[in-house]
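[1] My questions concern the predicted model and sequence given below.
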Amino acid sequence: MKTIAELEAIRQKTLKEVGMRTDNDSIRVVVGMATCGIAAGARPVMQAFLTEIQKRDIHNVTVTATGCIGVCSLEPIVDIIDKDGTKVTYVNMTPEKVAKVVLDHLANGKVCSEYTLKENQ
Amino acid sequence: MQLFRSHVLVCGGTGCTSSNSEAIMSELNQNLVKNQLDSEVKVVQTGCFGLCEEGPIMVIYPEGTMYCRVDVKDVPEIVEEHLLKGRLVTRLLEASSQVQEDNQDIEQSSFFKKQLRVALRNCGRINPEEIDEYIAFDGYKALAKALSEMTPVEVIQTIKDSGLRGRGGGGFPTGTKWDFAAQQVNDEKYVCCNADEGDPGAFMDRSVLEGDPHSVIEAMTIAGYAIGATHGFVYVRAEYPIAVHRLQIAIDQAREYGLLGENILDTGFKFDLEIRLGAGAFVCGEETALMTSIEGKRGEPRVRPPFPAVKGLWQKPTILNNVETFANIPEILLKGSEWFASMGTEKSKGTKVFAVGGKINNTGLVEIPMGTTLREVIYEIGGGIPNGKKFKAAQTGGPSGGCIPASHIDTPIDYESLIELGAMMGSGGLIVMDEDTCMVDIAKFFLEFTVDESCGKCTPCRLGTRRMKDILEKITLGKGVMSDIDELETLARDIKASSLCALGQTAPNPVLSTLRYFRDEYEAHIRDKKCPAGSCKALLAYEIIEEKCKNCGLCLKNCPVSAITGNKKEKIPFVIDPTLCIKCGVCFEKCPVDAIKK
Amino acid sequence: MNANASGCMENDERIHLVIDIVAKHKNSKGALIPILHEVQGLYGYLPVEAQEIIAKEMNVPISEVFGVISFYSFFSLNPKGKHRVSICMGTACYVKGSGPILDKLKETLEIGVGETTADGEFTLEDCRCLGACGLAPVLTINGKVFGRLTKDDIPVIIEGCKTEDGGIVQ
């Protein structure tokens, strides 16, 4: 038998998984996954985002793939789009860099400027 | 629990399962494994999305992209392009909507934009076989609220204030019904759910049971608390195997979580549910007949009063609501009666689900606020009439209802306006008819249905409907006389006045309604021996238009009875001998230049 | 009552299963219809011998059992063919032309509605709305759905059943 509190706990836990199916104002992590991106190592980057986000128990973040972003020399490229629509583009990403981006940007709201497109052009 | 970046929802409703959605799911899973995406992407089988015309349907989140008419062989492309590389497979996007590549969210497509999903809120969003997913979207929260914060009287008052009326046909205020049963003093009371959805062409109740069975379980438990019942029955059509299967899974899961059974949510309240299968008798959709059937007898209706709220199942106070009515209850308790009453018209609150079918582009389930016009439903949500044909009428309420002709297309749909037009809400089947549909034939179709389904208890219904059907048949065969119309009207009045239950009382409606708006069609059949819609075979005459005929000879070659003569070389015009013609229509179909008229 | 169910069932072990089914439901209220559903699942129809056992075990007159069976169209007193062809006569399918398709079925199978072909291969039934209105007009054969039909599909589908490869027409 479940109590009302236990019911609420199930709700919170499952919502993390299925919340993406409603209109929500989440932060979007968009990984460039065209052929060039995949060749440059976008797949492990994508997986690293998923592992790190789960590890740090961050909510309201969706991770999606997109086609070619257009600057193939800087792949893997990741856009992080905030709730208000501001976009930060990270370039030359690796799984190691992902860990820092998740911690700083997604968990604490601080842009990791050293990896951004601005700093690396 | 694993975090997936993407959820692929595949419709597992009856419509899409019929067009192979199961095979699509297994192909998806195989392709995900092949591309090593199986730890990132989750495949979920859901209930009906509503756009059955375009099925099988697949929706990919977080983007909310909807792919239509997906075939098994499209799956590898969807996995490699969309899921792996993030590129849309544009050729599978919903064809009728004006969606742009950057705005592919299903909520924005013309089919969904005007809809307001309350009863169908979880259909196509959750996996109906996972209770946790239902709980995630506030499932069983209304039950928890009722049991811990509200008295039964407060629950009933909230339902009363919301203005919710029965969605099964009659439109009786739900809160009032509950109040009657609550006031009865008895050691045993029952809550019943009518899922014996018999109106041909209506399938919203099935979709709710298939897509969101827990909402019905939760609502029935709340009803049990409100009226003081500990036991409930869901009476489901045996023709709905998927719905029965998912409902049983849901009941088992609810029991496991202690949401059914003893001491629910540790509040001391107890309630449990059982499924009872119907056995193919339309009359069992009538409340007293349904209860007689649950008792294990021939499902014949009985006299009211006493009403079921006083003496129902096994002579105990019983409430009976239909599936869609119950599906609204949890939302009303959570969001409040004012929220619900803010939708709809003065006397019809909330939303209504319609199963839109027939001659319409987007066949499917739509949920709209009461008061939406028929024009919006047909042209904006439904995508209009196929093949550029003209809208003639919409039929609502099934065999008990009537039709709304094109001249009333701007009427806001609610209980009262439909009655005024001689139709009725019914359970929400809405069949669209175009210029090719013969209204006499449709009336005959519904009468054939009633003749079959009359339980036989009352003579006027048993024999009267048969007489009406015979007359209609005579008219469609071109053997009618003008006095037949008067006789139809007399019979209709008598059957309505002297039948015990709603089946007989409403059986003549399809005839009365078509006579009201399409009397000229009846008269054309009788006086001119012509079927204006070109549908009644006996009244058809095929004729070759000489000016249009290109003398190709295809009609002659295809005619099965050699009723066509003519000669290409000798330039003898082609003609049909009406005495030999069996009106099979092959020549009409084969003619490449539309030179044959009927 | 039923010519097809001759008295050859004494040695049929299904009789014991019928007794078990009745025993399982006997004590719940309104048990007769659930029992009939299960027994029909066992035989494919409700032979008179099974009706007798149900009546005896439930201690009700057989007329009551028969009365319930004959009331509901889902229950059958006769064995069905190997392929149950069921054409949807719901309004949506009717408007989209299930009438001519039924005519074609009758012509192809040379039987009427409710009848079984002499070789026991096909039973033709009409049914109420299956709810697959998006695929109208629709028919099912042993539960498998064939949708968006035209008259010309019918011989192909029926032939397909005979050759046992299914004959998929979507």
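    The structure has been received and is ready for your questions. It should be emphasised that the depicted structure is a prediction, and the values quoted were computed from it without experimental measurement.
[2] ok, residue 38 - contacts?
    Since no chain was named, I'll use chain A. With contact set as Cβ atoms under 8 Å, 6 or more residues apart in numbering or on different chains, A:Ile38 has these partners: B:Leu84, B:Lys85. Glycine gets a C-beta too; all of them are placed from N, C-alpha and C.
[3] my question was about chain C
    By Cβ under 8 Å, 6+ apart, the contact set of C:Glu38 is C:Ile21, C:His25.
[4] All the strands of the chain, residue numbers only.
    Chain wasn't specified; assuming chain A. Per DSSP state E, chain A carries strands over the ranges A:27-32, A:61-66, A:78-81, A:87-90.
[5] if you could check chain C rather than the one you did, that'd help
    So, for chain C - with DSSP E - the strands run C:83-88, C:122-127, C:139-141, C:144-146.
[6] Chain B contacts on chain C?
    By the criterion of Cβ under 8 Å from any Cβ of the partner chain, the positions of chain C lying close to chain B are C:29-34, C:36-37, C:67-68, C:71-75, C:89-92, C:94-96, C:127-136, C:138, C:143, C:145, C:147, C:170.
[7] can you rerun that using 6 Å?
    Within reach of chain B by Cβ under 6 Å from any Cβ of the partner chain, chain C has these residues: C:30, C:32-33, C:37, C:67-68, C:71-75, C:90-92, C:94-95, C:128-129, C:131-135, C:145.
[8] restrict these to those near chain A?
    Among the residues of chain C next to chain B, no residue lies close to chain A (Cβ under 6 Å from any Cβ).
[9] Just the buried residues out of those, in PyMOL syntax.
    Buried residues within the residues of chain C next to chain B, by 16 or more other Cβ atoms under 10 Å in any protein chain shown, are selected in PyMOL with:
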select buried, chain C and resi 30+32+33+37+68+71+72+73+74+75+90+91+92+94+95+128+129+131+132+133+134+135+145
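[10] Please name the residues that touch B:Ser348.
    B:Met370, B:Asp414, B:Tyr415 (Cβ atoms under 6 Å, 6 or more residues apart in numbering or on different chains).
[11] Next, count neighbours for the last one.
    So that's B:Tyr415. 20 (other Cβ atoms under 10 Å in any protein chain shown).
[12] what's the answer for the second one, then?
    By other Cβ under 10 Å, the residues close to B:Asp414 number 23.
[13] quick one: the least confident helix or strand in chain B by mean pLDDT near chain C?
    When the helices and strands of chain B are compared on mean pLDDT, DSSP states H and E, helix B:110-113 comes out lowest with a mean of 83. No - shown here: helix B:110-113 not in contact with chain C (Cβ under 6 Å from any Cβ), separated by at least 12.2 Å.
[14] picking up where we left off before, now mean pLDDT and distance to B:Val10 too, for the strands of chain C, in TSV please.
    Shown next, in TSV, are the strands of chain C (pLDDT from 0 to 100; distance: least, Cβ to Cβ, whole Å):
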stretch	mean pLDDT	distance to B:Val10
strand C:83-88	92	24
strand C:122-127	91	26
strand C:139-141	91	21
strand C:144-146	87	17
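[15] Restricted to helices, list the residues of chain C next to chain B.
    Among the residues of chain C next to chain B, the ones falling in helices (DSSP state H) are C:Leu32, C:Ile33, C:His37, C:Gly67, C:Val68, C:Phe71, C:Thr91, C:Ala92, C:Tyr94, C:Val95.
[16] Can you tell me which residues in the stretch 401-550 of chain B are near chain C?
    So the stretch 401-550 of chain B meets chain C at B:Ile431, B:Thr437, B:Phe445 (Cβ under 6 Å from any Cβ).
[17] Top of those residues by number of neighbours, please.
    Going by other Cβ under 10 Å, B:Ile431 tops these with 30 neighbours.
[18] I'd assumed B:Gly358 was in contact with that one.
    Yes - the pair B:Ile431 / B:Gly358 is scored as a contact, 4.1 Å apart, by Cβ atoms under 6 Å.
[19] Name the residues contacting each of these two.
    The contact sets of B:Ile431 and B:Gly358 overlap at C:Ala92, C:Val95 (Cβ under 6 Å, 6+ apart).
[20] So which bits of chain A are right by chain B?
    A:1-4, A:7, A:10-11, A:14-15, A:18, A:20-21, A:33-34, A:50, A:54, A:62-67.
[21] let's go with 7 Å and repeat that
    Within chain A, the positions lying close to chain B (Cβ under 7 Å from any Cβ of the partner chain) are A:1-4, A:7, A:10-11, A:13-15, A:17-18, A:20-21, A:23, A:33-34, A:47, A:50, A:53-54, A:62-67.
[22] For PyMOL, what selects the buried ones among those?
    In PyMOL, this line selects whichever of those come out buried by 16+ other Cβ under 10 Å:
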select buried, chain A and resi 2+4+7+10+11+14+15+17+18+20+21+33+34+47+50+53+62+63+64+65+66+67
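[23] that older thread, just the residues of the stretch 401-550 of chain B next to chain C: which are in strands?
    Under the assignment DSSP E, these contribute B:Ile431 to strands.
[24] Tell me the one among the residues of the stretch 401-550 of chain B next to chain C nearest to chain A.
    B:Ile431 (31.9 Å; Cβ to the nearest Cβ).
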